[in-house]
Every structure is written in C-alpha cells, then in structure tokens.
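Chemist: with the sequence up front, the predicted model follows.
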Amino acid sequence: MSRHVRRICLLLGVISGVGTSSALAADADHGADLAKRWCASCHVAANGQTQASADVPSFASVARRPDFSPERLAFFLLDPHPKMPNFPLSRSEAADIAAYISSLR
C-alpha cells in the first residue's frame, strides 16, 4: 500500500511541477515588445531597425557572445550600469527581455 501511495505522490508532484514551470517561463514575445519600446532608442533591438546609438551593442551581438546567459542578463537589467537609463523593470519583464535577446542567437 505505501508503495502505491508514494507512486501517486510522485506522480502528483511531477504533474504539478509541469504546470508551474510553464507559468513561470519567460515570454520572449513580451520581451520583444518591451525592447522595442524601451531599448530601441539606444540598441538595435529588432531586425529591420535602422537607427541606434553607435557605441552600444545590438541585441543580436549580445546574444552571440560566448558568455551570454539569459539569467545573468536578466539580473544585469535589474541593476543596470551607469550608462544605462534606470527603467523600473519587474523581474518577469527583465526575464522576458533576456528571453527575447536569447532568441536572437
């Protein structure tokens, strides 16, 4: 009996974990919208964009860096360096932008 209960508990744990992981997943489409709205004045943030600041990297070049990590980028966006404007991003917005940039690899 206890073996069956353990199997049922394990199955319920796996099923509930699957549902929550997709709910917490970053949304690259939302990140693209945010990037076009907030980042495109300085960065080339999307294909077809023709104007940006010359001294900042494009999002595609950021994504292609060998040490690129969406998690590290999201953390960086929450605590930007002095050259970057201070946008009040939520954790999910920072993760969405990082997911979008990651999709440009």
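Modeler: Now that the structure is in, tell me what you want to look at.
Chemist: residue 31 is in contact with residue 96, correct?
Modeler: Yes. Contact status for residue 96 versus residue 31: in contact at 3.6 Å, counting by CB atoms under 8 Å. C-beta coordinates here come from the backbone N, C-alpha and C atoms, glycine included.
Chemist: what's the end-to-end length of stretch 77-85?
Modeler: For stretch 77-85, the first and last residues are 10 Å from each other (CA to CA, to the nearest Å).
Chemist: residues in contact with that stretch?
Modeler: Surrounding stretch 77-85, the residues in contact under the criterion CB atoms under 8 Å, 6 or more residues apart in numbering are 86, 87, 89, 91, 94, 97, 98.
Chemist: redo those residues as CSV? Include secondary structure and pLDDT.
Modeler: Formatted as CSV, these follow (DSSP: H, G, I helix; E, B strand; the rest coil; pLDDT from 0 to 100):
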residue, secondary structure, pLDDT
86, coil, 80
87, coil, 82
89, coil, 90
91, helix, 94
94, helix, 95
97, helix, 97
98, helix, 96
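Chemist: show me which of those are buried.
Modeler: 89, 94, 97, 98 (16 or more other CB atoms under 10 Å).
Chemist: OK, contacts around the first one?
Modeler: Shown here is residue 89, whose contacts under the criterion CB under 8 Å, 6+ apart are 34, 77, 78, 97.
Chemist: what's the neighbour count on residue 82?
Modeler: Residues lying near residue 82 (other CB atoms under 10 Å) number 5.
Chemist: count the neighbours of residue 72 for me.
Modeler: 11.
Chemist: give the rounded mean pLDDT of the stretch of helix or strand it belongs to.
Modeler: Per DSSP states H and E, residue 72 falls inside helix 70-78. Helix 70-78 shows a mean pLDDT of 93.
Chemist: I'd like the distance between residue 45 and residue 80.
Modeler: 15 Å (CB to CB, to the nearest Å).
Chemist: between the two, which has more neighbouring residues?
Modeler: Taking other CB under 10 Å, residue 45 and residue 80 do not tie; residue 45 has more neighbours (24 against 13).
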